[in-house]
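**Student:** Build me a structure from this.
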Amino acid sequence: MKNTSAAHYKFIFAFLLLFGLSLPLSKSFNSILMGLVYIYSLSIAFFFRDFRKAIAGSINQPLTIPIILYVLVSVLGLFISEDLLEGVRRVKTISNLFLIYLMVSTLMDLNQDASSRFKRGEQLLLSLLAGLFVFDLIGLFTYFGVIGNRAYMLPLSPLGVHHIWFANLNAVGLYTAASLLLFSSYRRIPLLKIVIASFIIIGSISILLSTSRTAWLGLAVVVPLFAFFLFKKKEHFLISMLFLISAALLLYLFNSTVHNRVAQIFSDISRFYSDSTAQTSVGGRFMMWKASWKMFLSNPLFGVGTGDYISTVSRYVESGEFPGYLLEFNQPHNIFIFALATNGLLGLAALLFVFYSILKLSKKQVKLNSEERLFGFVALPVAVHFMVAGLADSLLHIHVLLCTFAFVMGVCVRRSDYGEEMKAKKMLNLNWVSKKYGGP
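**Tutor:** Residues are numbered from 1 along each chain as shown. Predicted coordinates:
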């Protein structure tokens with residue numbers, strides 16, 4: 001890349017760093033930043049041919065097509081939506097998944113300097129972690145009464161952010177911090193290593209104080225998965241599982257917050273089956289899923305329409321078939337059921353295709369012996385967490401969570417030379433088999 005374009009690239013990358021830092025802290029600020037990045041990049045591309053060619057050569061990323069299909073299905077759902085305004089709002093939210101993924105995955109490698117590719121990814125992940133660290137410190141200051149008037153009040157929800165969103169953001173931060181601590185070149189810097197380790201401690205406390213069982217569920221699945229890919233020896237994996245199970249049992253037995261929140265699940269289920277109209281956290285979800293399933297059955301292929309979840313629930317409530325408290329929620333707290341209800345089998349297939357594409361690539365990355373495995377150890381846990389926690393909440397329809405997901409995938413699931421390494425491994429295996437069995 002020429003010197004002039006290279007200077008513009010450095011400016012754009014600085015904006016990407018600032019975007020990652022601001023993601024957990026300010027929706028309006030990072031939306032403005034994204035707009036500025038697009039306007040600036042398009043302007044430079046108009047004037048500089050090499051910059052334009054670099055963008056054209058980088059735009060075809062591993063998740064570009066899957067995410068476009070997911071967004072297009074939502075757009076198609078507008079044509080059968082009665083509430084077009086609500087549908088446009090949904091599409092606008094979902095389109096951020098494409099806009100942010102494309103912006104990060106395409107622009108961060110425009111200088112075509114392969115030697116610093118890994119370093120750029122590390123820096124962007126660290127920028128996100130820095131923003132989450134600030135967010136958590138605000139949360140702890142809030143809990144201890146230094147900020148605001150909610151001292152020692154649970155659930156912890158700093159800056160007015162919903163406690164479930166706060167917890168799941170921290171889960172993303174934990175996977176990122178653990179991976180950086182294990183595989184990043186920055187782990188050799190003592191001060192930075194201490195900061196990353198400190199975030200793991202503070203982030204874990206924040207998730208505990210959030211009282212979000214959605215995030216706890218995601219962690220319960222993802223942490224063993226992380227350990228499975230991390231430890232190559234079976235005995236090391238089993239020891240880690242024994243330690244994790246012991247820690248979970250101790251928390252349940254001796255931490256009243258954890259004990260009460262887990263016990264409440266069984267209490268809510270029991271109450272739901274004795275009185276299905278009673279409003280509880282778990283029972284409410286059961287009723288929303290039941291209503292969503294009815295929407296799906298009314299039009300299995302296309303659903304009721306991208307914007308018609310709320311209006312359809314309103315009709316169900318007016319008919320007396322479902323309790324009125326369902327009107328308090330604008331989504332059914334399940335990303336897969338939401339896709340079925342609003343966009344039918346097409347919507348579910350598009351959503352699963354996005355996750356499948358992430359899992360397929362990141363599973364290969366975690367098995368690499370190169371530094372690229374860092375990105376696999378971030379992308380795979382984050383994707384699985386969103387799938388698991390998404391069973392109890394519509395994480396991909398919450399702006400801050402969707403944008404964070406897109407940012408992480410933009411950094412971690414992008415074109416690289418890891419495919420060449422995999423091909424080389426296969427060739428070595430073939431040569432070994434050939435020699436062993438007397439092949440040519």
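**Student:** What helices and strands are in contact with whatever helix or strand residue 66 lives in?
**Tutor:** According to DSSP states H and E, residue 66 maps onto helix 64-76. Applying 3 or more CB pairs under 8 Å, 6 or more residues apart in numbering; DSSP states H and E, one finds that helix 64-76 makes contact with helix 84-107, helix 335-366. Using the backbone N, CA and C atoms, a C-beta is placed for each residue, glycine as well.
**Student:** got the angle between that helix and helix 335-366?
**Tutor:** Helix 64-76 runs at 170 degrees relative to helix 335-366, counting by axes from the mean of the first three to the mean of the last three CA atoms, to 10 degrees.
**Student:** pull the CA atoms of helix 64-76 into CSV?
**Tutor:** What follows is helix 64-76 as a C-alpha-only set of coordinates in CSV (Å, rounded to 0.1, in the frame of the first residue of the first chain):
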residue,chain,number,x,y,z
THR,A,64,-19.9,-12.2,4.7
ILE,A,65,-22.3,-14.5,2.8
PRO,A,66,-23.9,-16.2,5.9
ILE,A,67,-24.6,-12.9,7.6
ILE,A,68,-26.0,-11.3,4.3
LEU,A,69,-28.4,-14.3,4.0
TYR,A,70,-29.5,-13.8,7.7
VAL,A,71,-30.1,-10.1,7.1
LEU,A,72,-31.9,-10.8,3.7
VAL,A,73,-34.3,-13.2,5.4
SER,A,74,-35.3,-10.5,7.8
VAL,A,75,-35.7,-8.1,5.0
LEU,A,76,-38.0,-10.5,3.1
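**Student:** re earlier: deepest in the core, which of the helices and strands packed on helix 64-76 is it.
**Tutor:** Neighbour counts (mean count of other CB atoms under 10 Å) averaged over each of these peak at helix 335-366, with a mean of 21.
**Student:** after that helix, next one along is what?
**Tutor:** helix 373-389.
**Student:** which helices and strands does that following helix pack with?
**Tutor:** Counting contacts by 3+ CB pairs under 8 Å, 6+ apart, helix 373-389 packs against helix 117-143, helix 163-183, helix 213-230, helix 335-366, helix 399-412.
**Student:** Okay, angle between that helix and helix 117-143 too, please.
**Tutor:** Using the same axes, to 10 degrees: helix 373-389 against helix 117-143 is 50 degrees.
**Student:** Pull the distance from helix 373-389 to the chain's centre.
**Tutor:** Centre-to-centre, helix 373-389 and its host chain are 8 Å apart (CA atoms, centre = their mean, to the nearest Å).
**Student:** ok, now stretch 328-338?
**Tutor:** Using CA atoms, centre = their mean, the offset of stretch 328-338 from its chain centre is 17 Å.
**Student:** which other residues reach it?
**Tutor:** By CB atoms under 8 Å, 6 or more residues apart in numbering, the surrounding residues in contact with stretch 328-338 are 284-285, 288-289, 291-293, 296, 309-310, 341, 348, 351, 386, 390-397.
**Student:** same thing but at 6 Å, please
**Tutor:** Defining contact as CB atoms under 6 Å, 6 or more residues apart in numbering, one finds that stretch 328-338 is touched by 285, 288, 289, 292, 310, 390, 391, 392, 393, 394, 396, 397.
**Student:** and if you look at stretch 120-138?
**Tutor:** Residues outside stretch 120-138 that contact it (CB under 6 Å, 6+ apart): 17, 20-21, 23-25, 108, 158, 173, 176-177, 184, 199, 202-203, 206, 411.
**Student:** pLDDT (mean, whole number) over it?
**Tutor:** Mean pLDDT, computed over stretch 120-138, is 95.
**Student:** Quick check: phi and psi on the residue lying closest to residue 80 once chain neighbours are set aside?
**Tutor:** Using CB to CB, 6 or more residues apart in numbering and skipping residues adjacent in sequence, the residue nearest residue 80 is residue 305, 4.4 Å away. With angles defined as degrees, to the nearest 10, residue 305 sits at phi 120, psi 150.
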